[in-house]
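Engineer: got a predicted structure here, sequence first:
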Amino acid sequence: MPNHTCFPNLSHNFAGRDVTLIAKSDIKSGEDLTISYQDGGDMGVKQRNDYFEYMSGFRCLCIICKEEKETPDERT
């Protein structure tokens, strides 16, 4: 299974038990295959990570989540 990132290089589509993975751009040899486990939409980094932690037991450490600044109302 591909790893998660909030900026994936694959899109995915489920049809029953089958999944289709489609490259969103050229993928270099040795590059990790990545999908987004959830559409973050307009969620901030805290909301995304709260969701991931609740649903999947992990906090995202992708480049977007590392660099994105939380808005003041997201800080707890």
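Structural biologist: Happy to help now that I have it. Just so we're clear, the structure is a prediction, and the values are computed from it rather than from any experiment. Numbering: from 1, shown residues only.
Engineer: flag the shaky bits of this protein, pLDDT-wise.
Structural biologist: Counting by pLDDT under 70, the chain contains low-confidence residues at 39-41, 69-76.
Engineer: quick one, helices of this structure?
Structural biologist: Using DSSP state H, the helices assigned to the chain run over residues 45-56, 63-67.
Engineer: for this protein, which segments count as strands?
Structural biologist: 3-4, 10-15, 18-23, 34-35 (DSSP state E).
Engineer: is it possible to export the ones you listed to JSON lines including mean neighbour count and distance to Phe52?
Structural biologist: Using the backbone N, CA and C atoms, a C-beta is placed for each residue, glycine as well. Formatted as JSON lines, the strands of the chain follow (neighbours: other CB atoms under 10 Å; distance: least, CB to CB, whole Å):
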{"stretch": "strand 3-4", "mean neighbour count": "14", "distance to Phe52": "8"}
{"stretch": "strand 10-15", "mean neighbour count": "11", "distance to Phe52": "17"}
{"stretch": "strand 18-23", "mean neighbour count": "10", "distance to Phe52": "20"}
{"stretch": "strand 34-35", "mean neighbour count": "18", "distance to Phe52": "13"}
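Engineer: can you put those in a markdown table and add distance to Arg59?
Structural biologist: Formatted as a markdown table, the strands of the chain follow (distance: least, CB to CB, whole Å):
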| stretch | distance to Arg59 |
| --- | --- |
| strand 3-4 | 11 |
| strand 10-15 | 21 |
| strand 18-23 | 24 |
| strand 34-35 | 16 |
